[in-house]
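Peer 1: Quick one, structure for this:
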Amino acid sequence: MFERLKHMLIKEFIQIFRDPRMKAIVFGIPVIQTLLFGYAVTTDVKNIPTAVLDLDNSTVSREIAQKFQSSGYFQVIKYPGNDNEVRNLIDRGEVQAVLRMNSGFGDDMTAGKTALLQVIIDGTDSNTGGIIMSYASKIGAQYSLDILASRMSRLRGHAVSPGGTELQTRAWFNENLESRNFYVPGVIAMMVMLITLLLTSMAVVREKEIGTIEQIMVTPITPAEFILGKTIPFAIIALFDVLLVTVVGVFWFNVPIRGNLILLFFCSFIYLLPALGTGLLISTVSKTQQQAMMSVFFFFFPAMLLSGMMFPIANMPEVIQWLTYLNPLRYFLVIVRGIFLKGIGLQILWPQMAALAVMGIVMLWLATKRFHKTIA
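Peer 2: Numbers count the residues shown, from 1 in each chain. You can find the predicted model right below:
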């Protein structure tokens, strides 16, 4: 058995690495994807392009506009003269927020009246619009509090702070709330599944296309040995990609890794079982490599969308939430983010590991049975 398996492994490694394009897929794509996600995929909202329609043009109106500018979130780039210009700026997407102050804004503030500051937000992207609204509300509330404290100081003759509640927040695990720390570990889960599916989905169907499947059928190799010979090389490559993406994330993007590296690789190996099994099952039911590749993408993209990688599972409809329990990517995302950011261990992650192991055994069994039917 081991002699036959050894020759299968040698054959697979030779077949993988003799193709320059395959080397680019195995070694280049994980690094490129990590860099893209690290730099481009972020939910942090900064440098919001902002316009200021100041119909008052007073010291007070200029001061509050400067408050928004100096906050670090808003970047004033336009000063329209009327509402039509404001509408055109938002329609063209040149600005995402507009500060509008009517004539008499400064006089109302000086007289102790309530001065109305209007913030117009482009709500096309509801998530970004909500964050911008939150930023504007906090800046406006803080400015109002400063004005109130200044008035009380003048009335009483000495500095005094109005009574209130001071909110002190502390974020665990991702202290600076950087979305990069959330997304980069997820790239490991996404890349391992994508590379594994692409490689294994073409493993059996390639033998059919080039005509070597008939030679395999007349050899004494068993279906289980054949499946092992096809999966072990891809498992080794996938584990190397885990190491590659981890090195890029930690040393290039400074993503913290607080957990055990050995546990990370052990969990990655368990995660490979359903990924390899799914790829092999696709390969056994496909007649051409093009069919196999299309099947991979039909499986991969819904799996990514239903994994919690981009969108919280709790926000999905209940029926869809139940469907996500069949997605191995969902479980590994919990594992990899827990190990990277929280430093948690086996005593917490064992349910996810058990689910991946069960799914992997089932998928590999189905792939073996399907291949047995193919060569029978």
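Peer 1: longest strand in the chain, by residue count?
Peer 2: For the chain, the strand with the greatest residue count under DSSP state E is strand 48-54.
Peer 1: Okay, now the unreliable bits of the stretch 251-376 of the chain?
Peer 2: The stretch 251-376 of the chain contains residues with pLDDT under 70 at 372-376.
Peer 1: which stretches of it form helices?
Peer 2: Secondary structure of the stretch 251-376 of the chain by DSSP state H, counting those that start in this stretch: the helices cover 261-285, 289-305, 318-323, 328-337, 346-375.
Peer 1: Save those helices as TSV, and put in distance to N127 and mean neighbour count too.
Peer 2: C-beta here means a position set from N, CA and C on the backbone, and glycine is covered the same way. Output for these, formatted as TSV (distance: least, C-beta to C-beta, whole Å; neighbours: other C-beta atoms under 10 Å):
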stretch	distance to N127	mean neighbour count
helix 261-285	29	22
helix 289-305	16	16
helix 318-323	19	10
helix 328-337	20	24
helix 346-375	27	16
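Peer 1: As CSV, these with distance to G28 would be great.
Peer 2: Output for the helices of the stretch 251-376 of the chain, formatted as CSV (distance: least, C-beta to C-beta, whole Å):
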stretch, distance to G28
helix 261-285, 20
helix 289-305, 18
helix 318-323, 33
helix 328-337, 21
helix 346-375, 27
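Peer 1: hmm, back to that, and the following helix or strand past the longest strand of the chain, what other elements does it pack with?
Peer 2: Following strand 48-54 in sequence order, the next helix or strand is helix 59-70 (DSSP states H and E). On a contact count with 3 or more C-beta pairs under 8 Å, 6 or more residues apart in numbering; DSSP states H and E, helix 59-70 meets strand 48-54, strand 74-78, strand 97-101, helix 105-110, helix 126-156.
Peer 1: so how far is helix 59-70 from its chain's centroid?
Peer 2: Computed by C-alpha atoms, centre = their mean, to the nearest Å, the chain-centroid distance of helix 59-70 equals 36 Å.
Peer 1: Helix 126-156 and that helix, what's the angle between them?
Peer 2: Orientation check (axes from the mean of the first three to the mean of the last three C-alpha atoms, to 10 degrees): helix 59-70 against helix 126-156 gives 130 degrees.
Peer 1: Check which residues of helix 59-70 are buried.
Peer 2: Buried residues in helix 59-70, counting neighbours by 16 or more other C-beta atoms under 10 Å, are found at V60, S61, I64, A65, K67, F68.
Peer 1: Please enumerate residues in contact with that helix?
Peer 2: 50, 52, 54, 74-76, 99, 101, 105-106, 109-110, 115, 117, 136, 139-140, 143 (C-beta atoms under 8 Å, 6 or more residues apart in numbering).
Peer 1: Just the buried residues of the residues you listed.
Peer 2: If you count burial by 16+ other C-beta under 10 Å, the buried members of the contacts of helix 59-70 come out as 50, 52, 54, 74-76, 99, 101, 105-106, 109, 115, 117, 136, 139-140, 143.
Peer 1: any idea which element G72 lies in?
Peer 2: Assigned by DSSP H and E, G72 falls outside every helix and strand.
Peer 1: Does it touch K46 like I think?
Peer 2: Yes - contact criterion C-beta atoms under 8 Å: G72 and K46 qualify, at 6.9 Å.
Peer 1: Enumerate every residue touching V336.
Peer 2: So V336 contacts P185, G186, I188, A189, L264, C267 (C-beta under 8 Å, 6+ apart).
Peer 1: Out of the helices of the stretch 251-376 of the chain, which is closest to M152?
Peer 2: helix 328-337 (47.0 Å; C-beta to C-beta).
Peer 1: Show me how the protein divides into domains.
Peer 2: Split into domains by automatic domain parsing, the chain comes to 12-41+178-375, 48-156.
Peer 1: sorry, back to before: hey, what's in contact with both of G72 and K46?
Peer 2: Joint contacts of G72 and K46 (C-beta under 8 Å, 6+ apart) do not exist.
Peer 1: related to what we said a few turns ago, quick one: which of the helices of the stretch 251-376 of the chain is nearest R4?
Peer 2: Proximity to R4, assessed across the helices of the stretch 251-376 of the chain by C-beta to C-beta, is greatest for helix 346-375 (15.1 Å).
Peer 1: Check the offset of stretch 85-96 from the chain's centre.
Peer 2: 30 Å.
Peer 1: how about that stretch: buried residues?
Peer 2: V86, L89, I90, V95, Q96.
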